[in-house]
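**Q** Just a sequence and a predicted model for now, questions to come.
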Number of protein chains: 2
Amino acid sequence: MKKANEPIRLILELAKTQAIVGRRFDCGLGGLGFNEFTILYNLSIASDGKMRRIDLANKIGLTASGVTRLLLPMEKIGLIKSGESERDARARFVTIAPGGVLKLNEAIERMELLLNEIIPMDKKIKIEKISQFLSELGMLAR
Amino acid sequence: MKKANEPIRLILELAKTQAIVGRRFDCGLGGLGFNEFTILYNLSIASDGKMRRIDLANKIGLTASGVTRLLLPMEKIGLIKSGESERDARARFVTIAPGGVLKLNEAIERMELLLNEIIPMDKKIKIEKISQFLSELGMLAR
DNA sequence: GACATATACTTGACATATCAAGCATATGAA
DNA sequence: TTCATATGCTTGATATGTCAAGTATATGTC
């Protein structure tokens, strides 16, 4: 029976931790799910406050069809708005709606509180380096 | 508009990287999906070569019902076997089947090769520390 | 201008995984 | 021994997210 080396164990740990963390933050954000939070947050920091769907997909690591699936109900309940692109008829933009801004602000506060409880002080030091490593790993894995 | 602090950005990066990596490794493992790989690997390193379903669920970070969903087709195609517990009538054990052992060994080799391509030498140094951080984060988030 | 190739997006079909409810069993206190 | 509580697991219902196929549009070459 073969043993898995360190990189394989990292991938397994990544999947496990994400499953736990994702589930943990899928409620408790003031009515937003974790995916909705992710999308709204990324829209809020986008240039001109809007993004193409394909750019949003790349930003959060999902496929274009995955993003389409998530945005449908969000548009229905007034978290985001969709619009056409002036320069590219294929493309469609997404912007955060006023209802979404309110929900997002509340969710950020709640998530900060939850994470303050979860992540001890002594580990906060490494967080930036871990984020950077994960970001690079994501790019390498594309 | 509120900005997200470092811990929130870490969680977002974790979700993104896992989405990319999970999709990347969901094929190319000799016929196993990433979930099947994860399950078979954990079974292969278990004491006595078997685990209770609830323990497997905890090990890989999914819920008990999630594990039930995944094991059904795996048992059908001969990757695992299920059995009763001698001491606890509620519990059911899972063991890797011979067909699963073969597939697992091949998948480990393929994954090692893929990860050698993805992860540069200079980053391998940190992998153990990153794995440890993720493991602890997962536990803290439960 | 024609045409091959690439891109943006949607949708049908399907696998994944959760939640809540329910059932059977185990545990521990009174 | 009884009983309340906890645990292990399954299942119906549903949300998530992918894949493949298709459509419309953009790009770049000839």
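**A** Nice, I can see it.

**Q** quick one: contacts of the helix or strand of chain A with the lowest mean pLDDT?
**A** One helix or strand of chain A scores below all others by mean pLDDT, DSSP states H and E: helix A:121-124, with a mean of 77. The contact list for helix A:121-124, computed with Cβ atoms under 8 Å, 6 or more residues apart in numbering or on different chains, reads B:6-7, B:133, B:136-137. Quick note: C-beta positions are derived from backbone N, CA and C, even for glycine.

**Q** Report the buried members of those residues.
**A** With burial judged by 16 or more other Cβ atoms under 10 Å in any protein chain shown, the buried subset of the contacts of helix A:121-124 is B:7, B:133, B:137.

**Q** can you tell me which helix or strand the first one belongs to?
**A** Spelled out, it's B:Pro7. Following DSSP states H and E, one finds B:Pro7 within helix B:6-24.

**Q** Is stretch A:42-54 in proximity to DNA strand C?
**A** Yes: interface with DNA strand C: stretch A:42-54 contributes A:52-54 (Cβ under 7 Å from any atom of the strand).

**Q** C-alpha coordinates for that stretch, PDB please?
**A** Extracted C-alpha coordinates of stretch A:42-54, given in PDB (Å, rounded to 0.1, in the frame of the first residue of the first chain):
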ATOM      1  CA  ASN A  42     -15.700  40.700  -4.400                       C
ATOM      2  CA  LEU A  43     -18.100  43.000  -6.200                       C
ATOM      3  CA  SER A  44     -17.700  45.600  -3.500                       C
ATOM      4  CA  ILE A  45     -14.000  45.900  -4.100                       C
ATOM      5  CA  ALA A  46     -14.200  45.800  -7.900                       C
ATOM      6  CA  SER A  47     -13.100  48.700 -10.000                       C
ATOM      7  CA  ASP A  48     -16.200  50.800 -10.800                       C
ATOM      8  CA  GLY A  49     -18.100  48.500  -8.500                       C
ATOM      9  CA  LYS A  50     -18.800  46.000 -11.300                       C
ATOM     10  CA  MET A  51     -17.400  42.900 -12.800                       C
ATOM     11  CA  ARG A  52     -17.900  40.700 -15.800                       C
ATOM     12  CA  ARG A  53     -19.200  37.300 -14.800                       C
ATOM     13  CA  ILE A  54     -16.200  35.600 -16.300                       C
END
